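Enquirer: Provided below for reference: sequence and predicted model.
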Amino acid sequence: ATAYWYTVWGAALGAVLFGRLGLPLWRNLRHRLRVEAVVPESDDVVSVYVTGRDLDRLPARAGQFFLWRFLTRDRWWQANPFSLSAAPDGTRLRLTVKAAGDGSAALRHLRPGTRVFAEGPYGAFTALHRTRPDAVLIAGGVGVTPVRALLEELHGHAVVVHRVTAERDAVLHAELRDLAREKGADVHLVTGPPVPDRLSARDLSGLVPDIAERDVFLCGPPPMMRAVLATLRELGVPGRQIHFERFSLAG
């Protein structure tokens, strides 16, 4: 019994060391990630394009996130979780970030060529978990970034509902609208103050009458997430059809 438990503990510790240290080191040595470009999307939102070697062999999917370290003198020690805002295409990765603190605001000043250390991909917010042919994608604020990426990979009819306080807060909306047009999806931009909630059961059923027959992918700030999850239960959406990512990991 002692030998058995030492073996189990050793295997668990080995798996943690491999997953959190060995695998990230190997992947970063292999792919040699660097900043390709930094593109402002608005006054407080920026997209960072990352390129590298053999990115077609990186097992990343739309909707997932990485822990990113940008190896500058003042940022190498900071690791931040940011979702991919475009589906991986085998040549580059893109993340889109809203300035919510000193760390994310500093991304605007990254220079092309900056080395990047990325740990991941993480997250199950992907098309692999679909159970129905059609889908609803619900995003709050900058939580639209993994939703926009996920829309690229989805097949069947999709409805995108983007909840923001004002139109100026609709990150990547023009891009999302163009992508939806190409895929035959519907996009609804819902604006208004956070209180009262503008995604009530009546609102959602009006936008998507057959929502209970679709997969629902949800990403946004925690208060919005809790409200929408309660609304989905009220509308009778089965739990197995609801897939969500926490804003703290996706934004």
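Expert: Yep, it's here.
Enquirer: name the next helix or strand downstream of the top helix by length along the chain, please.
Expert: If you go by DSSP state H, the chain has its longest helix at helix 2-17. Helices and strands here follow DSSP states H and E; after helix 2-17, the next one along the chain is helix 23-31.
Enquirer: what's the offset of whichever helix or strand comes after that following helix from the middle of its chain?
Expert: Counting by DSSP H and E, the next helix or strand C-terminal to helix 23-31 is strand 34-40. Taking CA atoms, centre = their mean, to the nearest Å, the mean C-alpha location of strand 34-40 is offset from the chain mean by 18 Å.
Enquirer: same question for stretch 154-162.
Expert: With CA atoms, centre = their mean, you get 15 Å for stretch 154-162.
Enquirer: just stretch 201-215 next, same as before
Expert: With CA atoms, centre = their mean as the basis, stretch 201-215 stands 23 Å off its chain's centre.
Enquirer: stretch 73-83 too?
Expert: Using CA atoms, centre = their mean, the offset of stretch 73-83 from its chain centre is 17 Å.
Enquirer: equivalent analysis for stretch 19-32, please.
Expert: The chain centre lies 21 Å from the centre of stretch 19-32; the measure is CA atoms, centre = their mean.
Enquirer: what is the mean pLDDT for that stretch?
Expert: Stretch 19-32 carries an average pLDDT of 82.
Enquirer: what of stretch 55-75?
Expert: The model assigns stretch 55-75 a mean pLDDT of 92.
Enquirer: partner residues bridging the nearest residue to Pro40 once chain neighbours are set aside?
Expert: Using CB to CB, 6 or more residues apart in numbering and skipping residues adjacent in sequence, the residue nearest Pro40 is Val46, 5.4 Å away. Heads up, the C-betas are built off the backbone N, CA and C, glycines and all. For Val46, the beta-bridge partners under DSSP bridges are Pro40, Val97.
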